[in-house]
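> The following block contains a protein sequence and its predicted model.
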Amino acid sequence: MKLPLGFWVGAATAAHQVEGNNTRSDYWAQEQIPHGGFREPSGIACDHYNRYEEDIRLMAEAGLNAYRFSIEWARIEPEEGRFDVQETEHYRRVIRCCRERGIEPIVTLHHFTSPVWLIRKGGWEADTTPADFARYAAYIGEQLGSELRYVCTINEANMGVQISAVARDIFQQMQAAGKIQMGVNLEDLMRKGGDTARENREVFGTDNPAVFVSARTPHGDEIVMQAHREARAALRKAAPHLKIGWTLSLHDVQAVPGGEERAREEWGQEFTHYLPVIAEDDFIGVQNYSRTLIGPGGSLPPPEGAELTQMGYEFYPEGLEHVIRRVHEDFKGEILVTENGIATSDDTRRVAFITRALQGVGSCLRDGLPVKAYCYWSLLDNFEWQKGFSMTFGLIGVDRETMWRIPKDSLWMLGQSLIADDGN
Ligand code: GCO
């Protein structure tokens, strides 16, 4: 598969998952409380904060030419209204290191984690959050905008809505399962819930902190959209040349017979209802990992015998092409694949996954779709949120004792995709 000149092939990370010691963020706080639900805390993560030069060098040596990473709001603005110049300079160095190596830095301003102070003010359900986010975006635009071309405001803006939908499904299933063992499960859950609520109150001043990755109300969904609009305006004012968009988590939603209506609803919730807010964006970041089969009653498990990834998703790299084509039907701006990947301990399956995903991208390009970049998730084996370090998505392994980097074959393979030609 040969990708055209000017196409970006890279890898993605998020600050909290790789940097380490992100002590002012809401995730860090949740990791420390006894009932926060985390398998382990992020700690020094991959120590990417100190080792970014090595990581970027490895990318460049393999032939990659783009790096999508995020700036940590809680580092830049650890207390409301106080911006940290030293941290800003850190990210300037990361951006420059990319440029020196011929790598395009694609920056995300918010990748799931927020400063604790924001959550104490009501987080992603509070009417004050769009203005707070826009102030931070303006600061980054002014300080670093001249060094950048593409900025994603918010990662997976639709994540909270997806979590609400899953929570509803689980509740329904629990009610059904309750006919068998309801008391035990519910009691356990409520006991845990009570402890978590108390601990949350101590840290965030509320039982139910509205962190970005939590079940979102329709009002919260509006807040996220408004935060994007205001940040976009602030960035354009500070650095008019910037191309701006956000990213969405998009499943390849497929209906099985009888599930057509539900599948349409699902896609509407995941994508179509955001069309008005992204209409003025320059690009969209598409993030796809698998497909979801939908029957008349909702999501179905993967087909029998399907290969599963460590995350339990179906191995289905074709989902990416389907989603790109579907997005393009309604959104005519540029498309950047900001995440696509697989958690597996068998790197030959990663190579197979990427090969097939890139064939899909190539086919979209041949049809003239404006796809600009493919960023694999993730550059490093990293901190997969509540699942800790147990999921290995990386093109590069990380020895958890020594922090040594262990490049995998898939890293070289991905870099080669810009120059190799197998006739496809
Ligand atoms: C996501 C995230 C990543 C995850 C990845 C793998 O946007 O959901 O950007 O933080 O680690 O999706 O699950």
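Yes, it's here. Note that this is a predicted model, so its numbers are computed, not measured.

> What's the first helix or strand after the worst-scoring helix or strand of the chain on mean pLDDT?
Lowest on mean pLDDT, DSSP states H and E among the helices and strands of the chain sits helix 159-204, with a mean of 67. Proceeding N to C from helix 159-204, the next assigned helix or strand is helix 218-238, under DSSP states H and E.

> ok, the following helix or strand past that following helix: who's next to it in the sheet?
Downstream of helix 218-238, the next assigned helix or strand under DSSP H and E is strand 243-245. Looking at strand 243-245 with DSSP bridges, its partner strands are strand 150-154 (parallel).

> is the ligand contacted by the partner strand?
No. Against the ligand, strand 150-154 shows no contacts by Cβ under 6 Å from any ligand atom, the least distance being 10.4 Å. (C-beta placed from N, C-alpha, C; glycine too.)

> For that strand, what does the pLDDT average out to?
Averaged over strand 150-154, pLDDT sits at 98.

> and what of stretch 406-413?
98.

> Could you list the buried residues of it?
408, 410-411, 413 (16 or more other Cβ atoms under 10 Å).

> Check stretch 233-248 too.
Neighbour count says stretch 233-248 has 234-236, 238-239, 242-248 buried, by 16+ other Cβ under 10 Å.

> before we move on, back to that, the ligand: which of the buried residues of stretch 406-413 is nearest?
Nearest to the ligand among the buried residues of stretch 406-413 is residue 410, at 15.6 Å by Cβ to the nearest ligand atom.

> helix or strand for the closest one, which one?
helix 409-416.

> just checking, what packs against that helix?
strand 8-12, helix 48-62, helix 347-366 (3 or more Cβ pairs under 8 Å, 6 or more residues apart in numbering; DSSP states H and E).

> Show me what from the stretch 301-424 of the chain comes close to the ligand.
Checking the stretch 301-424 of the chain against the ligand by Cβ under 6 Å from any ligand atom, the hits are 339, 377, 384, 393.

> so how many other residues sit close to the third one?
Look at residue 384: counted by other Cβ atoms under 10 Å, it has 18 neighbours.

> Apart from its chain neighbours, what residue comes closest to it?
residue 391 (4.0 Å; Cβ to Cβ, 6 or more residues apart in numbering).

> Present the residues of the stretch 301-424 of the chain next to the ligand as a markdown table; the columns should include secondary structure and pLDDT.
Shown next, in a markdown table, are those (DSSP: H, G, I helix; E, B strand; the rest coil; pLDDT from 0 to 100):
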| residue | secondary structure | pLDDT |
| --- | --- | --- |
| 339 | strand | 98 |
| 377 | strand | 98 |
| 384 | coil | 96 |
| 393 | coil | 98 |
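
> Check these and tell me the two furthest apart.
339 and 384 (12.7 Å; Cβ to Cβ).

> Out of the buried residues of stretch 406-413, flag the one nearest to residue 167.
Of those, the one sitting nearest to residue 167 (Cβ to Cβ) turns out to be residue 410, at 34.1 Å.

> Return the distance of the closest residue to the closest one other than its chain neighbours relative to the ligand.
Leaving aside its sequence neighbours, residue 410 sits nearest to residue 350 (Cβ to Cβ, 6+ apart; 4.3 Å). As judged by Cβ to the nearest ligand atom, to the nearest Å, residue 350 and the ligand stand 13 Å apart.

> Can you name the residues that contact residue 350?
Taking Cβ atoms under 8 Å, 6 or more residues apart in numbering, we find residue 350 in contact with 341-342, 344, 395, 408, 410.

> wouldn't residue 377 be in contact with residue 339 here?
Yes. With contact defined as Cβ atoms under 8 Å, residue 377 reaches residue 339; the gap is 4.0 Å.
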